[in-house]
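In: Build me a model from this:
(2 chains)
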Amino acid sequence: MIFSSFTFLLFFLPLFLAVYHVLPLRLRNGMLFLGSLIFYAWGEPVYVTLLLFSTLVDFIHGLLVERYRGSWAAKAALFSSVAINLGLLGVFKYSALLVKTWNSLTGGQVTVPSLALPIGISFYTFQTMSYTIDVYRGKAPVQRNLISFGAYVSMFPQLIAGPIVRYVSVHKELDNRRTHAAESYEGFRRFLVGLGKKVLLANSFGELWELYRGWEALSGFGGWLGILAFGLQIYYDFSGYSDMAIGLGQILGFSFPENFAYPYISRSITEFWRRWHMTLGAWFREYVYIPLGGNRKGRLRQLRNLLIVWGLTGIWHGASWNFLLWGLYFAFFLILEKLFLGRWLEKGPSLLAHGYTLVAVAFSWVLFAFEDLTVGLSYLGVMLGVGGGKAAGGGALLWLTEFDLYQLLSFGPLLLLGGLGCTPWPARCLGTWLHRHPWTETLSLLALGGACMAWLSADSYNPFLYFRF
Amino acid sequence: MTVQRIEEEEHRKKETGGAGKQLFVLLGAWLLLAFAFLGKPERVFSEAENRYLQSRPKWSLERFVRGTFGEELETWISDQLPGRDGWVQGKTLLSRALGRRENKGIYFGREDYLLETFQEYDQKIFGENLASVGELFGLLKETGAEGHLLLAPTAGAVMPTYLPAYAPEVCQEELFSQAEAQVPGMIRVEEALREHEGEYLYYRTDHHWTSLGAYYAYGAFLEQTGREALPREAYTEEILSQDFYGTSYARAGSYMVPPDSIMAMYLPENPKRLTVDYGNGQIEETLYDRSFLKKRDQYRVFLKGNYPLVIIETGVKNGKKLLLVKDSYANTFVQFLVSDYEEIQMVDLRYFQASLADYGAEQGFTEVLVLYQIKNFVGEPLSFL
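Out: Numbering: from 1, shown residues only, chains lettered A, B, ... in the order given. Predicted structure coming up:
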């Protein structure tokens, strides 16, 4: 089930919340577990077993680590857990890519496994791993209640599109949480804002991007407009999902970590990644970068560590080599910024720093959006004025076509709104003002919800972007 | 929590006594919508969208595992949503307010015109379809039939000033020229129509041309085949309907657009001597079936819509026999043709099972006219043989 569906909004969520809040506190984890399994089974009726398997594995490993703390067996249990989780990812997410690559490199004829990717597997395997590791490190207490642990792993608000919630950050609330009207209201507000970002903005930008991604007569301007649309789509989609998750968490009494903090206002790539998909960055920092030695073992080791972390971050986003390249592309800029560029950017005019960041990110989206590298590179070529759309006047380079003007006029107001929403200003000004006028706020939220309903009922374009994650 | 935030929180509590009431209103509105489902009778057909709606999905474990149940449930909720038409129109209203210029392949044009978009086509399909028409003409020429191809322009090409600025439309002029170069007997009608831009040539809420539009195209057809059409005044113009909402209206999810009117045009003496044989036992003595005026798709008042083979005996005694291979654009065009031929056989290739070349050779036609709207003609591979 996805959040931006009627099944979720009008059936699942009201029913679930009603039952959840009627139940006594001690039964709520059970309800959350059960509800989450139904939520997941809706889209993945078969793979729900995999989710249960992963839950059981880490529950048992956590107990083993605790039981044999201090001895070699605890370490063995930790390795076993990590191996099983990565094994699941390897089989279900990466096996097809590896076999295909092997075949093309060696001319082999190994049958490519045709396993559908279980939705959310990259999120929940990372969460369960973090649990066992933190228990091993003594940072988190062991969970002895299978239901509570199951509720943590399968928790539907963040199950399929994040944020990645580490066990340490919610274990207290897992066993002891209360809900208040003010918190719940705030949660609903956050949820509706996220829904609006997804349904009204992200989906519209998605439509614009779809117009350009395969457009034969692509012009230079069109290339930039298209990738701008993609950048806005993925930002509003992903941060909208995170908002919805955080809001739902609040309604249930959890406080999930923030996942986005206006990434497009960054002044360097380093800053961008502190603001974009923050929980993923934090996960890799905590469980890969620092254990590898981070920046404490000399510059060379640090560079190696950066390459490893960003290669992994890249390939985490999908089983295709363009994602690896996408990650390494960022590593390149991060290393440059560590070496000297960062200092230059700080000293230089901030306009330059913003421009550099946005352009670097725009190019990265080209790598991200096109799985086929040759298609991506030709798109990039058009953006840079090399090549040019083949259908537009027989290879002649066109900077701006009527098609672009038309789309620009048609999507102009939305693009302006979208651009404005990438900055903290709307939340700071409008949000604060509305906060002081509670009834205006409530009415605005109702209007926002109504607009989302209108968009969804007119069966507008409504894709789910995280099937690859 | 920052100091400012805490102060705000206190300020807010004083003002409203907590968020309880607001939460109540928010939840109330939401649950009202969810509950409105329970008492609502199921709608089978949507007049506004001109389509059947999803009925309550049937539960079975097998259907659930395959995902069909989930998909149908989602469609069911969306289709049966209380006040669905209002929601859909609300979306159109809002997205137009946000500057959007089209929805689902329909432009929001000037003066309440909803025009079909035509932004892309497949050159290969176009070329092959033209070649196929050329082949048919070649074969039928041997049996004495002269071939004509008439490709009707879309409303956007005839009335470009009604389109939104910079609408990225295919240049239909080029397509017609290519057709003219490739197929002998191509009839060009776009000029004849464009001369009358501003007249009621196309429906505002439907993608078809009106009887008047068809009349001007007919004039061009006669002129280019060495004949002359009767002046407009010779025809009786009868308004059949004034509350027609067509396919573009349904597709665009539109709102607040006045309805179209449908007009018939016929020579005073014509209706008396016609027979129309629909091939399924229905034989009528008129081109118009007024029962459709009470239904959604009123355009079907012309020859009941589309049938595989319709044979019209016009009562004109001139020995001319026309094979009309066509889409629905021809249904208004036939009103005029009945004065020029003794017999007209209309074939709709989508439903016609036999080989057209064989059938045409057997029947001994004196003329063949292939009449399609350009977008339909390039839309899919067609075989005219």
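
In: can you map out the helices along the stretch 1-150 of chain A?
Out: A:6, A:13-22, A:28-43, A:48-67, A:72-89, A:95-106, A:121-137, A:146-154 (DSSP state H, counting those that start in this stretch).

In: If we look just around chain A, which residues of the stretch 101-250 of chain B are in range?
Out: Listed as neighbours of chain A in the stretch 101-250 of chain B under the rule Cβ under 8 Å from any Cβ of the partner chain: B:101-102, B:164-168. Any C-beta I mention is one placed from the backbone N, CA and C, and that applies to glycine too.

In: try 7 Å
Out: Within the stretch 101-250 of chain B, the positions near chain A by Cβ under 7 Å from any Cβ of the partner chain are B:101, B:165-168.

In: Give me the spatial nearest neighbour of B:Ile85, chain neighbours excluded.
Out: To be clear, residue B:85 is Asp; Ile isn't right here. The spatial neighbour of B:Asp85 that comes closest, neighbours along the chain excluded (Cβ to Cβ, 6 or more residues apart in numbering or on different chains), is B:Ala48 at 4.7 Å.

In: how close does the one you found get to chain A?
Out: 11 Å (Cβ to the nearest Cβ, to the nearest Å).

In: What of B:Glu228?
Out: Going from B:Glu228 to chain A by Cβ to the nearest Cβ gives 40 Å.

In: That residue: what's it in contact with?
Out: For B:Glu228, the contacting residues are B:Leu222, by Cβ atoms under 7 Å, 6 or more residues apart in numbering or on different chains.

In: Wait, a helix at it?
Out: No. B:Glu228 sits outside any helix when classified using DSSP: H, G, I helix; E, B strand; the rest coil, being coil.

In: and the residue of the stretch 51-200 of chain A at minimum distance from chain B, how many neighbours does it have?
Out: Closest to chain B within the stretch 51-200 of chain A is A:Tyr185: 3.8 Å, counting by Cβ to the nearest Cβ. A total of 26 residues lie near A:Tyr185 under the criterion other Cβ atoms under 10 Å in any protein chain shown.

In: Kindly report the same for B:Pro268.
Out: Using other Cβ under 10 Å, the number of residues around B:Pro268 comes to 9.

In: Repeat that for A:Pro157.
Out: Residues near A:Pro157, counting by other Cβ under 10 Å, number 28.

In: I'd assumed it was in a helix, is it?
Out: Yes. Assessed with three-state DSSP, A:Pro157 lies in a helix.

In: quick one on the thing from earlier: let me know which of the helices of the stretch 1-150 of chain A is the nearest to A:Phe403.
Out: When the helices of the stretch 1-150 of chain A are compared by Cβ to Cβ, helix A:6 sits nearest A:Phe403, at 34.0 Å.

In: does chain B sit close to the closest one?
Out: Yes. Contact of helix A:6 with chain B (Cβ under 7 Å from any Cβ) involves A:Phe6.

In: Now find how far off-centre that helix is within its chain.
Out: Put simply, helix A:6 sits 22 Å off its chain's centre (Cα atoms, centre = their mean, to the nearest Å).

In: Which neighbouring elements make contact with it?
Out: Contacts defined by 3 or more Cβ pairs under 7 Å, 6 or more residues apart in numbering or on different chains; DSSP states H and E place helix A:6 against helix B:68-80.

In: average model confidence for the helix it packs on?
Out: Computed over helix B:68-80, the mean pLDDT rounds to 87.

In: Pull out the buried residues from the helix or strand just after it.
Out: As assigned by DSSP states H and E, the chain's next helix or strand after helix B:68-80 is helix B:84-97. Neighbour counts using 16 or more other Cβ atoms under 10 Å in any protein chain shown place B:84-85, B:87-92, B:94-96 of helix B:84-97 among the buried residues.

In: Kindly report the same for stretch A:432-440.
Out: Neighbour count says stretch A:432-440 has A:434-435, A:438 buried, by 16+ other Cβ under 10 Å.

In: So which of those is the closest to chain B?
Out: A:Pro438 (5.1 Å).

In: Now do the phi/psi pair for that closest one.
Out: Main-chain torsions, A:Pro438, degrees, to the nearest 10: phi -60, psi -40.

In: Tell me how far it lies from B:Glu135.
Out: Look at A:Pro438 and B:Glu135: by Cβ to Cβ, to the nearest Å, they are 74 Å apart.

In: packing partners for the strand ranked longest in chain B?
Out: Counting by DSSP state E, the longest strand found in chain B is strand B:236-244. Where contact means 3+ Cβ pairs under 7 Å, 6+ apart, strand B:236-244 is packed against strand B:260-266.

In: Quick one: name the residues of the stretch 51-200 of chain A near chain B.
Out: A:181-182, A:184-185, A:188.

In: Scan these and report the most crowded one.
Out: A:Tyr185 (26 neighbours).

In: Confirm that that one sits in a helix.
Out: Yes. Assessed with three-state DSSP, A:Tyr185 lies in a helix.

In: Could you find the closest non-adjacent residue to it?
Out: The spatially closest residue to A:Tyr185, leaving aside those adjacent along the chain, is B:Ala19, at 3.8 Å (Cβ to Cβ, 6+ apart).
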